[in-house]
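Student: Turn this into a structure:
(one chain, ligands or ions: 1)
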Amino acid sequence: MGQVRHHDNFPSTPGKVKMDRSNYFGRVTSRWHSTASARLLGCSALLLAFALVVLFRVSSSSDLGDGGYFSHSDVHWAFKPTRVWEKKVRQSCLPRREDNPMVVLVTGAAGFVGTHVSLALKKRGDGVVGIDNFNSYYEVSLKIARQELLAKHGIFVIDADINDAFLLKTVFELVQITHVMHLAAQAGVRYAMENPGSYVQSNIAGLVNIFEICKAANPQPAIVWASSSSVYGLNTKVPFSELDRTDQPASLYAATKKAGEEIAHTYNHIYGLSITGLRFFTVYGPWGRPDMAYFSFTRNILKGKPINIYQGPNNKDLARDFTYIDDIVEGCVASLDTAEKSTGSGGKKTGPAQLRIFNLGNTSPVTVPTLVDILEKYLNVKAKREIVKMPRNGDVPFTHANISAAQTQLQYKPETNLETGLKKFVKWYLSYYGDNTPHESLVAW
Ligand SMILES: O=C(O)[C@H]1O[C@H](OP(=O)(O)OP(=O)(O)OC[C@H]2O[C@@H](n3ccc(=O)[nH]c3=O)[C@H](O)[C@@H]2O)[C@H](O)[C@@H](O)[C@H]1O
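Tutor: Presented below is the predicted three-dimensional model:
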């Protein structure tokens, strides 16, 4: 796959240095090449430059912690679409229904929400192709298992990064993408303190790259993308409404999602892209994310390890408007179905385009200790609870969604409460990780 990664839209990606043969060193050495000593000097300079570049890359990637700016699949040194690859993309995008089918590019398709949304679309007959960079933020094996699940349903997930403009353009030239469901992101509120660069790389640079590709496409697709409840930050007025202020984010994650909403406004305004942002509220369920509390608590409870339960100021329990994955999928699909067409053509706006933001929550916050009570019940194991003060690392004390806009415009109606949803999660967890469960009695509820 190509020799050098193509960054048509991002000439330089943070932390990445490209060798360019027409650069300064090349010109200087060619002027001096007449004498042997000059040639030697030129070679030494090139060697030194090369060593510096290597050193810089090594040091910058190690500074960035696990995953760094670049995942294992981020650099496509040799991307050349083969016939087999093109066939896979085309087949995956083939709709199986007659009535106005969509062809959807799902980014982050091997992620938690991406997998469920891709399946839902494919099952009803839409064409779907996924893209995912399979980074190591959490266990890659789970992402590969999701990819295999999707493959069984005829969905091809391309192993590539959303910053790879050349690859995305190739996909858009190959098939007519009508909608983009943009779910690829660096998730996690607390990890932003460990690896801030990855949030900028995925949630800002990656988002802009997706918008750039969509703006240039003809016809332009409509875009639905994942923002986050975290944009409400330190707000105290509940429930959170889309009309509330979102200018006091508590984490870099939240700040990048908020920035994404502003960037969406710009691309809608200038280029006529139809864009819908969805503020997800702590989504959970089968095939979920191991970094999230309900998942890591389950793992640790089963292993007999203690779990940290954070507490807010004045020993107040933290609470979240936990939202079950099936409800989120309904909201995502309804957003795609109600998305109007983009109005741009040839990269230029021809009229005003739709721009929407919706809360997708459950509207009934539950405290973290209650979540642990429910897990204990379905795992049939007592948790070793350690109550600790909420660390100052980006968390907010509570979230609570006002979903009236989504109710009215998307007919969004969350139906799964935390008890039912966690029961389904535990059932999946035990079937997926089977052997790791310490007691045979665990599946006997
Ligand atoms: O809605 C969102 O926009 C975000 O939702 C999710 O963030 P959060 O709501 O923070 O979920 P999650 O980590 O499961 O912590 C849940 C609760 O457990 C508490 N918590 C957490 C860890 C721990 O060890 N102890 C603990 O008490 C913790 O303090 C919190 O009160 C997504 O991860 C994020 O990507 C984003 O999508």
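Student: Please look at F211 and I223 and confirm they touch.
Tutor: Yes - F211 is within contact range of I223, at 7.4 Å (criterion: C-beta atoms under 8 Å). Just so you know, the C-beta spots here come from the backbone N, C-alpha and C atoms, and that holds for glycine as well.
Student: between those two, what contacts are shared?
Tutor: Counting by C-beta atoms under 8 Å, 6 or more residues apart in numbering, the residues touching both F211 and I223 are A264, L273.
Student: Start and end of stretch 336-350, how far apart?
Tutor: Distance between the two ends of stretch 336-350: 21 Å, counting by C-alpha to C-alpha, to the nearest Å.
Student: What residues sit buried inside that stretch?
Tutor: Neighbour-count burial for stretch 336-350 flags L336, A339, S342, T343, G344, K349 (criterion: 16 or more other C-beta atoms under 10 Å).
Student: Closest to V113 out of those?
Tutor: Taking C-beta to C-beta as the measure, V113 sits nearest to L336 out of the buried residues of stretch 336-350, at 13.2 Å.
Student: The closest one should be in a helix, yeah?
Tutor: Yes - counting by DSSP: H, G, I helix; E, B strand; the rest coil, L336 is part of a helix.
Student: And it, how far from the ligand?
Tutor: The spacing between L336 and the ligand, counted by C-beta to the nearest ligand atom, to the nearest Å, is 20 Å.
Student: Tell me who's in contact with that residue.
Tutor: M102, V104, L121, H179, M181, A222, V224.
Student: Can you name the residues of the chain sitting close to the ligand?
Tutor: Residues of the chain lying near the ligand by C-beta under 6 Å from any ligand atom: 187-189, 228-230, 280-282, 292-293, 308-310, 318, 320, 368, 395.
Student: And the buried ones among those, selectable in PyMOL?
Tutor: Restricted to buried positions by 16+ other C-beta under 10 Å, the PyMOL selection for the residues of the chain next to the ligand reads:
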select buried, resi 187+188+189+228+229+230+280+281+282+292+293+308+309+310+318+320+368
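Student: Now, the residues of the chain next to the ligand that are in strands?
Tutor: Applying DSSP state E to these, the entries found in strands are S228, F280, N308, I309, Y310, R320.
Student: Which strand residues bridge the first one?
Tutor: Here S228 sits in beta bridges with F280, as judged by DSSP bridges.
Student: Which residues are in contact with it?
Tutor: Y253, A254, K257, R279, F280.
Student: circling back: tell me the one of the buried residues of stretch 336-350 nearest the ligand?
Tutor: Distances from the ligand to the buried residues of stretch 336-350, taken as C-beta to the nearest ligand atom, are shortest for L336 (19.7 Å).
Student: quick one: the closest one from A151, how far?
Tutor: 22 Å (C-beta to C-beta, to the nearest Å).
Student: Report how many residues lie close to V89.
Tutor: Residues lying near V89 (other C-beta atoms under 10 Å) number 18.
Student: Quick check: it is in a helix.
Tutor: Yes - judged by three-state DSSP, V89 forms part of a helix.
Student: On the pLDDT front, check it for me.
Tutor: Note on V89: pLDDT of 98.
Student: again, but for K382
Tutor: pLDDT recorded at K382 is 98.
Student: Mind checking what secondary structure the residue nearest to it when sequence neighbours are not counted has?
Tutor: With sequence-adjacent residues excluded and distances taken as C-beta to C-beta, 6 or more residues apart in numbering, K382 is closest to E376, at 5.9 Å. Secondary structure state of E376, per three-state DSSP, is helix.
Student: Please enumerate the helices of the chain.
Tutor: Applying DSSP state H to the chain gives helices spanning 24-31, 36-63, 83-92, 112-123, 140-152, 165-174, 196-199, 207-216, 252-271, 293-303, 325-338, 368-379, 404-410, 418-433.
Student: would CSV of those helices with distance to D159 be doable?
Tutor: Formatted as CSV, the helices of the chain follow (distance: least, C-beta to C-beta, whole Å):
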stretch, distance to D159
helix 24-31, 33
helix 36-63, 20
helix 83-92, 11
helix 112-123, 13
helix 140-152, 8
helix 165-174, 10
helix 196-199, 18
helix 207-216, 17
helix 252-271, 24
helix 293-303, 24
helix 325-338, 23
helix 368-379, 33
helix 404-410, 32
helix 418-433, 22
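Student: Pick out the shakiest of these, pLDDT-wise.
Tutor: helix 24-31 (a mean of 33).
Student: Of the helices of the chain, which is nearest S241?
Tutor: When these are compared by C-beta to C-beta, helix 404-410 sits nearest S241, at 7.9 Å.
Student: what's in contact with that closest one?
Tutor: Residues outside helix 404-410 that contact it (C-beta under 8 Å, 6+ apart): S241, E242, G331, A334, S335, T338, R356, F358, N359, L360, Y412, K413.
Student: residues in contact with the third one?
Tutor: Spelled out, that is G331. Contacts for G331 were tallied using C-beta under 8 Å, 6+ apart; they are L278, F358, L360, A406, L410, Y412.
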